[in-house]
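*Asks:* Got a predicted model here, sequence first, then my questions.
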Amino acid sequence: MLKKLEVQSLRADLGAVEGLLADRTPETDPIGFLQLSQRQTTLLARLATVESAVEYKAAVGLFFAGGPVIGSRGIDASFAAKAVGLFQDMVSKQFAMEEVGDLGRRGPVAMQPNSDLIVTNVIRGSVGLLLEEAGVSEAFADTQLKVVVDHVVDTVMATAAPAADEFEQALERMDPRFLTSLGEFFEVMDERSAVLRLVESEREVELNADAIRRGRERAGAATILDSEEEEMIGRIFILPAARRFELRVLQEGTTLVGGIARAFSQPELERVVSAENVVGELWRVRIKTRTVTRPTRPPKVTYTLVGLVAPV
């Protein structure tokens with residue numbers, strides 16, 4: 001069970017036991033008082049153990065309510081399959097983007113088996129599904145899949161948040177194919193008048209009908225257009241720690257500023273900066289341009305340094 005859910009369950013049980021204990025004393029009900037006291041001690045010990053535990057593997061609970069949910073009995077199967085499938089799709093695309101970089105405009109998503117989550121539990125009360133990392137080996141630090149799931153939840157929260165700033169910042173780091181899945185996820189939720197509670201080990205977020213509708217409108221109104229890589233000649237400057245570059249374009253007399261592609265490892269960037277014939281010199285480089293159309297602001301153009309071709 002997710003840490004947060006187990007903590008909530010233990011606290012609820014502890015509150016019920018303490019409520020019963022408040023009506024008893026060793027004199028009025030010695031057996032009942034003893035049994036409840038032992039139960040209280042057990043719950044307190046278990047609660048302390050769970051609260052101090054650290055979860056290193058990916059796990060997330062999706063709790064649904066609203067249109068597709070029938071009381072606490074169940075949920076429409078086609079809706080649940082679509083919603084969970086789209087969430088998994090976002091995880092797979094985010095995983096590939098963080099591990100490989102560019103997803104490509106079409107075709108299979110790279111490293112998809114590495115990002116698969118499995119349904120390990122159906123949670124009663126409100127209807128929910130618990131998705132966990134498929135690997136069975138022990139982890140002693142956050143797995144890459146856990147980091148990716150955290151980022152996906154961050155993006156879902158930012159898309160539905162009252163303020164648009166977080167979503168617009170997330171757009172700059174988003175892959176176009178991820179944006180498509182994100183829009184479809186909110187569309188499926190909105191069309192069925194569903195609401196959602198996302199729960200991780202240390203946090204949870206509630207998305208009500210207004211938040212779902214807001215997320216659908218934002219994701220639907222945004223577009224991301226990545227151009228083909230283009231070779232340019234200019235004087236190159238690199239900040240390896242910040243993974244930023246500046247290119248003073250020779251022919252146009254303009255200056256481009258942006259990030260550096262994931263293909264450049266940090267040690268490679270350090271070697272580039274320490275070389276005598278790179279920083280501040282004229283180079284032919286490969287640049288990718290991204291144009292992001294945002295719901296409430298003018299389009300934003302960003303640049304990524306993809307590669308160094310040759311000195312000029």
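*Replies:* Here it is on my side, so go on.

*Asks:* And the helices in the stretch 51-200 of the chain, which stretches?
*Replies:* For the stretch 51-200 of the chain, the helices defined by DSSP state H, counting those that start in this stretch cover 77-99, 144-160, 165-173, 176-191.

*Asks:* R262 is nearest to which of those helices?
*Replies:* Within these, the stretch nearest R262 is helix 77-99; the backing value is 7.8 Å (CB to CB). Heads up, the C-betas are built off the backbone N, CA and C, glycines and all.

*Asks:* on that earlier part again, of the helices of the stretch 51-200 of the chain, which approaches L14 most closely?
*Replies:* Short answer: helix 144-160, nearest of those by CB to CB, at 28.0 Å.

*Asks:* for that closest one, packing partners?
*Replies:* Contacts defined by 3 or more CB pairs under 8 Å, 6 or more residues apart in numbering; DSSP states H and E place helix 144-160 against strand 59-66, helix 77-99, helix 165-173, helix 176-191, strand 194-199, strand 204-207, helix 209-221.

*Asks:* Now do the buried residues in the fourth one.
*Replies:* By neighbour count, and taking 16 or more other CB atoms under 10 Å as the criterion, the buried residues in helix 176-191 are 176-190.

*Asks:* swap in the last one?
*Replies:* Within helix 209-221, the residues scored as buried using 16+ other CB under 10 Å are A211, I212, R213, R214, G215, R216, R218, A219, G220.

*Asks:* distance between that helix and the chain's centre?
*Replies:* The chain centre lies 17 Å from the centre of helix 209-221; the measure is CA atoms, centre = their mean, to the nearest Å.

*Asks:* Packing partners of that helix?
*Replies:* helix 144-160, helix 176-191, strand 194-199.

*Asks:* cool, the third one as well?
*Replies:* Contacting helix 165-173 under the criterion 3+ CB pairs under 8 Å, 6+ apart are the following elements: helix 144-160, strand 282-293, strand 300-311.

*Asks:* Ok, which of the ones you listed comes nearest P68?
*Replies:* helix 144-160 (18.0 Å).
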